[in-house]
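Asker: Got a sequence here, can you build the structure:
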Amino acid sequence: MRKALIFGNGLGMALNPDAFNLTRVMHDVWNLAHFLTPYDKRLISLTLGSEHAIPQNEQQLDVLHQAVTACKTLKRILSPDLHWLTEHGQRFPVAVAKYIHMVASRLHLTDADLPQPFITALADFIRNTNSHVATLNYDRLLYGEFIDRGILAGFDGNLLDGITNAGFNPSNLERRYGRTFGYYLHLHGSPLFYTDANAQIHKLQRHEISTFTANPSEHIVLTHVAHKRAVISASPILTVYWHYLHRALQEATQIVVVGYSGFDTHLNELIAMYGAYKHIRVIEWAGNHNHQLRLLQWQTAFKTTNIQLDLYANILDNRVW
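Answerer: Prediction:
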């Protein structure tokens, strides 16, 4: 009965579409007092094309990612006798990473909770099956509930994300001593992740994250879809999570996709690999979708006709997993 449950930002949008709207959060973070310096803002705005440009969405982050990548490449080839980067170029990747981390932090800190009937049904299912959970979000909606309910509880829980008090180690995800836990995979990272001075990846406690500080993390995938693979491959922890997503999909009797837009081609291709011989269930907001047309779109995305599409006026009304 072990399944692989993949959650997109539809959970937050179903709960509070204003608070979890990425464009709005990006705008709010940009206008936070005493966060980004005027110098940092000017660097980012000019890279986007004008003095007054403001990042608004993942598509607009395309040019920022390209500029950051170029700066990092030049920085890696510096020598005492050759300095390619100006002061602007050295500062730019830090400014962008700080901004992206704060956007993810604001989403994580949004004061909202999933309806009890929804999360209780989901939690009970995971306890009974140790099903895998993978999330594309930065919020605490599932993460906080799973900790509070003892589902994410280190090696003794039903789910494990591979991070202990000593930090992250891929070996932590290996099942030993008869354990049967499922995997909790932060596919697009988390604002809780940080790298210490010894290059060890750790995770903040929930109470340690705030709107006043931002860690310029390398472990958050907030960029144009064309560059998401590159960000994932540059992060050791995210690389491992995507490796284990393969294992989760392989083990699962069914793949369940919840509140996902279908726009991340790197995820679609992976689901398609296993969807060829596994049943896929898609749970999404009905909106103005025509069921048959939307089903055809999912069949095209996942390259299979073995798909059950459940459209809900509110996906949080689902109780059966």
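Asker: hey, let's count contacts and neighbours off CA atoms from now on
Answerer: Noted.
Asker: pull the helix or strand with minimum mean pLDDT from the chain.
Answerer: helix 61-76 (a mean of 83; mean pLDDT, DSSP states H and E).
Asker: got the contact list for residue 280?
Answerer: 254, 255, 256, 257, 306, 307, 308 (CA atoms under 8 Å, 6 or more residues apart in numbering).
Asker: Give me the buried subset of those residues.
Answerer: 254, 255, 256, 257, 307 (16 or more other CA atoms under 10 Å).
Asker: how about the residues you listed in TSV, adding secondary structure and pLDDT?
Answerer: Formatted as TSV, those follow (DSSP: H, G, I helix; E, B strand; the rest coil; pLDDT from 0 to 100):
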residue	secondary structure	pLDDT
254	strand	98
255	strand	98
256	strand	98
257	strand	98
307	strand	97
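Asker: For residue 271, give me its contacts.
Answerer: 249, 302.
Asker: ok, back up a step: could I get the contacts of residue 280 as CSV with distance to residue 9?
Answerer: Conversion of the contacts of residue 280 to CSV gives the following (distance: CA to CA, whole Å):
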residue, distance to residue 9
254, 21
255, 17
256, 15
257, 11
306, 24
307, 21
308, 20
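Asker: Residue 182 and residue 134 touch, don't they?
Answerer: No: if you go by CA atoms under 8 Å, residue 182 and residue 134 don't touch, sitting 10.2 Å apart.
Asker: Which pLDDT value goes with residue 80?
Answerer: For residue 80, the model assigns a pLDDT of 62.
Asker: Number of residues surrounding residue 45?
Answerer: Residues near residue 45, counting by other CA atoms under 10 Å, number 17.
Asker: which SSE is it in?
Answerer: helix 38-48 (DSSP states H and E).
Asker: what are the C-alpha coordinates of that helix, in PDB please?
Answerer: Output of helix 38-48 as PDB, limited to C-alpha atoms (Å, rounded to 0.1, in the frame of the first residue of the first chain):
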ATOM      1  CA  PRO A  38      19.500  50.200  -1.800                       C
ATOM      2  CA  TYR A  39      22.800  49.000  -3.400                       C
ATOM      3  CA  ASP A  40      21.500  45.400  -3.600                       C
ATOM      4  CA  LYS A  41      18.200  46.500  -5.000                       C
ATOM      5  CA  ARG A  42      19.900  48.500  -7.600                       C
ATOM      6  CA  LEU A  43      22.100  45.600  -8.700                       C
ATOM      7  CA  ILE A  44      19.000  43.400  -9.100                       C
ATOM      8  CA  SER A  45      16.800  46.000 -10.800                       C
ATOM      9  CA  LEU A  46      19.500  47.000 -13.300                       C
ATOM     10  CA  THR A  47      20.000  43.400 -14.200                       C
ATOM     11  CA  LEU A  48      16.300  43.100 -14.900                       C
END
